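Enquirer: turn this into a model:
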Amino acid sequence: MPEEVRLLSAEQLLLTTLVVKVAVAATLATMLVRFGQFRRILLTEKRAWRERLTFAFAFGIPVSIGVASRLLLNYDAADLSLAGSFLAGLIAGPYAGAIVGCLVGLPALTAGEWIAIILSVGCGFAGGGLRELSPKEAIWHVTPLLVTGLHRHAWKLFGRFRVDWQITLLAAPICLELLRQALGLRFGAYRLFYLEPTNLWLLGLVVLATVLSVAVPIKIWNTARIEHRLQEQEKLLMTARVEALASQINPHFLFNTLTSISSLIRSQPETARMLIAKLSGLLRRLLRSQEHFVTLREELVSIDEYLDIETIRFGPTLVVDKQIAPETLDQMMPSMLLQPLVENSIKHGISRKVGGGRITISSGRTDGHTVIEVIDDGLGMPAGGPSTDVGGGIGLRNVDERLRVIYGANYHLRLSSAPGEGTCAHIEIPDLVVPQPASA
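Expert: Residues are numbered from 1 along each chain as shown. Model (predicted):
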């Protein structure tokens, strides 16, 4: 004989419904916070009417669908009418709470549950009233874990005779659930839906489920707010580091150029005058540009202006060859990234070589990256010097650090050199979207 199929008892069914109810609230909160516009609404406490309406409908429509599921499919765990209305008011204000109360009450009203819409709107206003009275940060400190330490907070509340907003915010849904139970007993389940406990122990669990249906979404949303703020802080930190590194480049370049000009003032005054004019034009362009990122085409224009200055110093002995792939000209890159590489080739490679030399600037596209190389045929690095890591010199260290800060630890400046043959500076830049300046 097959074993008799055992159905859940009334108590077991109620417990299952309560667990699923809290899970539904957590799932809904998690799904909503994944949308960027909804998440942005949570980040600020001063919201425009448009943002409040967006929050009310984005949250109220799914909750009203849950009420409809309860009516059509007899799925009681999907009904979050009380917790949803109160939560909307607590987060977005009394009118948003009332709108959500209307949205969740309308399906119940069509089924004859006329008390439901009155209670739902009232819960929305109750949540909104608490929002107006309580400190805004106290709302985000509501956590499901507070329920376990409720007795300790209550003792502190009566011991100090001061308002503990954590207790107050949790006491509100408790009172509202007890009110719903009383109204349900008075008018019957056909006028107001409520979960009917058979004893005081189950009544406590019903109240606890309502509290958790409010506290769990707040905890999820607050976690998302904290993560967003941490990401913003990381962006601001990266921006600050990039600006600090960029501020090191221009004084370093300016110092070296002025040193070159000072060496020509007495021997070649006309050349020094021309160098000053070229330098002033380059500095004006740099001061006009506040962008941290430019295209390779714009970076090469800057290099040309710099090389005009160096060509005057070295004359025809300095030859510059460009082998630029056309498809790389629109690649975005950090500004003033190549100038220290070209300067290093001239200062440590070409200037120490008898008879001048050649600098080759090349670019190409490979495996989703733009590869840029600055190669000189100078004296190269001394034997035993760095071949792959960046050695001394503020300019090269600066380039290496900027690549690591902006693109990650896998991106850095690679140097290879052979004594007497020259040096190659190699960088790779990923094909990414133009980085946007971080905003406070």
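Enquirer: from here on, just use CA atoms for contacts and neighbour counts.
Expert: OK.
Enquirer: where exactly do the helices run in this structure?
Expert: For the chain, the helices defined by DSSP state H cover 10-33, 36-43, 49-73, 81-92, 94-110, 114-133, 136-140, 150-160, 165-187, 200-264, 269-288, 296-314, 339-345, 394-407.
Enquirer: what's the angle between the first one and helix 36-43?
Expert: Going by axes from the mean of the first three to the mean of the last three C-alpha atoms, to 10 degrees, helix 10-33 is angled at 100 degrees with respect to helix 36-43.
Enquirer: helix 10-33 to helix 49-73, inter-axis angle?
Expert: Using the same axes, to 10 degrees: helix 10-33 against helix 49-73 is 150 degrees.
Enquirer: for helix 10-33, what is the average pLDDT?
Expert: Mean pLDDT, helix 10-33: 92.
Enquirer: check the second one too.
Expert: The predicted model gives helix 36-43 an average pLDDT of 84.
Enquirer: cool, and the third one?
Expert: Across helix 49-73, pLDDT averages out at 93.
Enquirer: flag every buried residue along that helix.
Expert: For helix 49-73, a neighbour-count test (16 or more other C-alpha atoms under 10 Å) marks 51-57, 59-60, 62-71 as buried.
Enquirer: show me what contacts Ser213?
Expert: Ser213 makes contacts with 21-22, 25-26, 80, 83, as judged by C-alpha atoms under 8 Å, 6 or more residues apart in numbering.
Enquirer: what is the nearest of the residues you listed to Thr143?
Expert: Ala26 (12.7 Å; C-alpha to C-alpha).
Enquirer: pLDDT wise, what is the residue lying closest to that closest one once chain neighbours are set aside at?
Expert: Once flanking residues are discounted, Ala26 sits nearest to Pro217: 5.6 Å by C-alpha to C-alpha, 6 or more residues apart in numbering. Pro217 carries a pLDDT value of 93.
Enquirer: what's the burial count for Pro217?
Expert: Counted with other C-alpha atoms under 10 Å, the neighbours of Pro217 add up to 24.
Enquirer: now stretch 352-368: mean pLDDT?
Expert: Mean pLDDT, computed over stretch 352-368, is 84.
Enquirer: any idea how far it is from the chain center?
Expert: 39 Å (C-alpha atoms, centre = their mean, to the nearest Å).
Enquirer: also stretch 265-281?
Expert: On the basis of C-alpha atoms, centre = their mean, stretch 265-281 sits 48 Å off its chain's mean C-alpha point.
Enquirer: which parts of that stretch are buried?
Expert: Buried residues in stretch 265-281, counted by 16+ other C-alpha under 10 Å: 271-272, 275-276, 278-279.
Enquirer: and for stretch 321-337?
Expert: Buried, per 16+ other C-alpha under 10 Å, within stretch 321-337: 324, 328-329, 331-337.
Enquirer: between the two ends of that stretch, how far is it?
Expert: 18 Å (C-alpha to C-alpha, to the nearest Å).
Enquirer: what's the residue nearest to Thr423 when sequence neighbours are not counted in contact with, if anything?
Expert: With C-alpha to C-alpha, 6+ apart as the criterion, Thr423 has its nearest non-adjacent residue at 4.2 Å, and that residue is Ser417. The contact partners of Ser417, by C-alpha under 8 Å, 6+ apart, come to 380-381, 387, 423-424.
Enquirer: if we use 6 Å, what do you get?
Expert: 380-381, 423 (C-alpha atoms under 6 Å, 6 or more residues apart in numbering).
Enquirer: for Thr423, same thing?
Expert: Per C-alpha under 6 Å, 6+ apart, neighbours of Thr423: 375-376, 380, 416-417.
Enquirer: so which of those residues wins on neighbours?
Expert: Asp376 (28 neighbours).
Enquirer: state the distance from it to Ile361.
Expert: 9 Å.
Enquirer: Leu283 too?
Expert: Computed as C-alpha to C-alpha, the Leu283 to Ile361 distance reads 23 Å.
Enquirer: compare the two (neighbour count), which wins?
Expert: Just comparing Leu283 and Ile361: by other C-alpha under 10 Å the higher neighbour count belongs to Ile361, 21 against 15.
Enquirer: thought the more buried one was touching Ile324?
Expert: No: the criterion here is C-alpha atoms under 6 Å, and Ile361 misses it with Ile324 at 7.3 Å.
Enquirer: what's the burial count for the closest residue to Ile218 other than its chain neighbours?
Expert: Among residues not flanking Ile218 along the chain, Trp140 sits closest, at 6.3 Å (C-alpha to C-alpha, 6+ apart). Counted with other C-alpha under 10 Å, residues neighbouring Trp140 total 19.
Enquirer: ok, now the one 3 residues further on?
Expert: Neighbour count for Thr143, taken as other C-alpha under 10 Å: 20.
Enquirer: can you give the domain ranges for the chain?
Expert: Using automatic domain parsing, the domains assigned to the chain come out as 10-232, 265-430.
Enquirer: now those in JSON lines, please, with extra columns for distance to Thr259.
Expert: Formatted as JSON lines, the domains of the chain follow (distance: least, C-alpha to C-alpha, whole Å):
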{"stretch": "domain 10-232", "distance to Thr259": "41"}
{"stretch": "domain 265-430", "distance to Thr259": "10"}
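Enquirer: lowest mean pLDDT across those domains, which one is that?
Expert: domain 265-430 - the lowest mean pLDDT of these, at a mean of 80.
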